[in-house]
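Novice: turn this into a structure:
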Amino acid sequence: MILDNPFHVLGLLADASVPQRAGREGQIKAFLRAGRPLEFDDDLFFPGCRRNQGTVDRTLRDLHDAKDRIRFGLFWFTGSGGVLDDHALRVLRGGDLQGAISVWARVENRPLDARIASCLNNLGTACLLAGMTGLPPGQRWPDGSRERAEYVRRGLTVKARFVGSLGGTDLSAYCKTFGDDIAARDPDGIGELFGEGLEQFAEEARKFGLNVPAAVLAQAVRDGGPRTAPLAARFVGMSRRELERALVACENAEPRDAGSSGTRLMMVAKERLPEVAAVLGETSIQYTSVTDRVCDALLNSAVTHWNHYNNASAESSLEAGLKVARSCQSLVRYAKKVACGIAARERAGENLTTVDGIISDREMALVRFPIKEWLDQAYALLNSRARPQARIDFVQESLQEGTSNNG
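Specialist: The predicted structure follows:
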């Protein structure tokens, strides 16, 4: 929706006229025939955008429908914001993304009206672009960067406020510049198109190593205004679909993969269950049914993982068995933590008692075996001395050495 946005592929603003789009289409086809790179005067191009025959063909199909143009236009730049847009776009074409954001930020907190519609949409797009490509574009963000997450949150907030709270007539007039009269006449329909675009943005971002939590998306649209607030429920579906994929993989895993699939489900659940709870509530049947299913899947994984280890590794070391038991323990503990139903909680508690006992026994065995080995060696040394006095001397010397070492 940002890097693979059709308007980005064409190198045009979203509100370019029909003749401009037709002219660029002809220009691209000529460049492709001549083997020339798809670079244009007055272009907006950022690293990550793929321009080739395949993406161009897809782009031309995507822009055929007016509703699709609105969906993509809400996630690209337009030029109808007057002097401020003109200046910011010049800065942006010079490669200064942060500078362009600073220009558009002048209207960020102004009351919404038609005069700043384009500038607000552009600010949101620029912030999301910064989160995707880095500052400057092409420079990778460090892992877990808070600044990166803040750019994304800011971009989502600005766009949701723009779509959710701008007057319906003004929103329709703005979207008509890249859609048409019919597609843009329903402001609530534009809100739905925006929701679809947000889902696509989250999917695209994931491909570039940027995870946009559903809770962040839901919070942005809830705060955006009456037109976007109902979209919050849409993003619960994103979290539930990811949970469902991890659940199915865990439930269908081969015994040898039970541990890894259970760990994967636990990681997904730790991230996604709070997002589902934030929207649906922890007492809703939709939430409790998911948590109990997660609980059951994790308990089954732990049991299967342990049984498979025991059947396949009868001669393995105590240390190896203890490692497997502790990995099972982490799955069971989390299963007990998330379980909502009485039966699920009881089963998790019973499993936790069992695995805690296994770990305790093996930890004691790790202590007991070295002591037994030492005693066996000492007894052998004692028996190697035939005369009684030699045995007495050996014991006395050993006690003296022990006292000396403790001292």
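
Novice: what segments of the stretch 301-407 of the chain are helices?
Specialist: Counting by DSSP state H, counting those that start in this stretch, the stretch 301-407 of the chain has helices at residues 318-338, 342-383, 388-406.

Novice: host element of the closest residue to residue 176 other than its chain neighbours?
Specialist: Spatial nearest neighbour of residue 176, excluding adjacent residues (CB to CB, 6 or more residues apart in numbering): residue 184 at 4.1 Å. (C-beta placed from N, C-alpha, C; glycine too.) Applying DSSP states H and E as the criterion places residue 184 outside every helix and strand.

Novice: so residue 184 touches residue 170, yeah?
Specialist: No - counting by CB atoms under 8 Å, residue 170 is not a contact partner of residue 184; they are 11.1 Å apart.

Novice: what about the two, which has more around it?
Specialist: In this comparison of residue 184 against residue 170, neighbours counted by other CB atoms under 10 Å, the higher total goes to residue 184 at 24 against 16.

Novice: distance of the more buried one relative to residue 158?
Specialist: As judged by CB to CB, to the nearest Å, residue 184 and residue 158 stand 20 Å apart.

Novice: kindly report the same for residue 83.
Specialist: Counting by CB to CB, the gap between residue 83 and residue 158 amounts to 20 Å.

Novice: neighbour count for those two, which is higher?
Specialist: For residue 83 versus residue 158, the count of surrounding residues by other CB under 10 Å is larger for residue 158: 26 against 7.

Novice: contacts only, for the nearest residue to residue 9 once chain neighbours are set aside.
Specialist: Spatially, and ignoring its direct neighbours in sequence, residue 9 is nearest to residue 59 (4.4 Å; CB to CB, 6+ apart). When contacts are counted by CB atoms under 8 Å, 6 or more residues apart in numbering, residue 59 touches 6, 9, 10.

Novice: check residue 312 too.
Specialist: Counting by CB under 8 Å, 6+ apart, residue 312 has contacts residue 256.

Novice: low-confidence bits of the stretch 251-400 of the chain, can you list those?
Specialist: By pLDDT under 70, the low-scoring segments of the stretch 251-400 of the chain are 313-318, 365-379, 381-382, 385-386, 391-392, 394-395, 398-399.

Novice: how does it look with 80?
Specialist: In the predicted model of the stretch 251-400 of the chain, residues 278-280, 311-319, 362-400 satisfy pLDDT under 80.

Novice: which helices and strands does the helix or strand where residue 104 lies pack with?
Specialist: Assigned by DSSP H and E, residue 104 falls within helix 97-104. Contacts defined by 3 or more CB pairs under 8 Å, 6 or more residues apart in numbering; DSSP states H and E place helix 97-104 against helix 82-93, helix 117-133.

Novice: list the buried ones in that helix?
Specialist: Burial within helix 97-104, assessed by neighbour count using 16 or more other CB atoms under 10 Å, is assigned to 97, 100, 101, 103, 104.

Novice: which other residues reach it?
Specialist: If you take CB under 8 Å, 6+ apart as the criterion, helix 97-104 is touched by 46, 84, 87-89, 91-92, 119-120, 122-123, 126-127, 129-130, 133, 135-137.

Novice: can you check stretch 250-257 too?
Specialist: Taking CB under 8 Å, 6+ apart as the criterion, the residues outside stretch 250-257 that touch it are 260-262, 264-265, 297-298, 300-301, 304-305, 307-308, 312.

Novice: from the residues you listed, which would you call buried?
Specialist: Applying 16+ other CB under 10 Å to the contacts of stretch 250-257, the neighbour count classes 261, 262, 264, 265, 297, 298, 300, 301, 304, 305, 308 as buried.

Novice: circling back: nearest to residue 144, out of the contacts of stretch 250-257: which one, please.
Specialist: Distances from the contacts of stretch 250-257 to residue 144 were compared by CB to CB; the smallest belongs to residue 264, at 20.0 Å.

Novice: that closest one: what secondary structure?
Specialist: Here residue 264 is helix, with the state taken from DSSP: H, G, I helix; E, B strand; the rest coil.

Novice: residues in contact with it?
Specialist: Shown here is residue 264, whose contacts under the criterion CB under 8 Å, 6+ apart are 246, 249, 250.

Novice: what about residue 309, distance to residue 174?
Specialist: To residue 174, residue 309 is 61 Å away according to CB to CB.

Novice: out of those two, which sits in the more crowded spot?
Specialist: Looking at residue 309 and residue 174 with other CB under 10 Å, you find the greater number of neighbours at residue 174, namely 27 against 22.

Novice: you'd agree that one is up against residue 118?
Specialist: Yes - in this structure, residue 174 is within contact of residue 118 by CB under 8 Å, at 6.8 Å.

Novice: what count of nearby residues applies to the nearest residue to residue 356 once chain neighbours are set aside?
Specialist: The spatially closest residue to residue 356, leaving aside those adjacent along the chain, is residue 329, at 7.0 Å (CB to CB, 6+ apart). Residue 329 is flanked by 19 other residues according to other CB under 10 Å.

Novice: show me what contacts residue 329?
Specialist: Contacts here follow CB under 8 Å, 6+ apart; on that basis residue 329 touches 302, 352, 355, 356, 359.

Novice: grab the nearest non-local neighbour of the second one.
Specialist: Spelled out, it's residue 352. residue 332 (4.9 Å).

Novice: pretty sure residue 347 is touching residue 299, no?
Specialist: Yes - taking contact to mean CB under 8 Å, the distance of 6.2 Å between residue 347 and residue 299 places them in contact.
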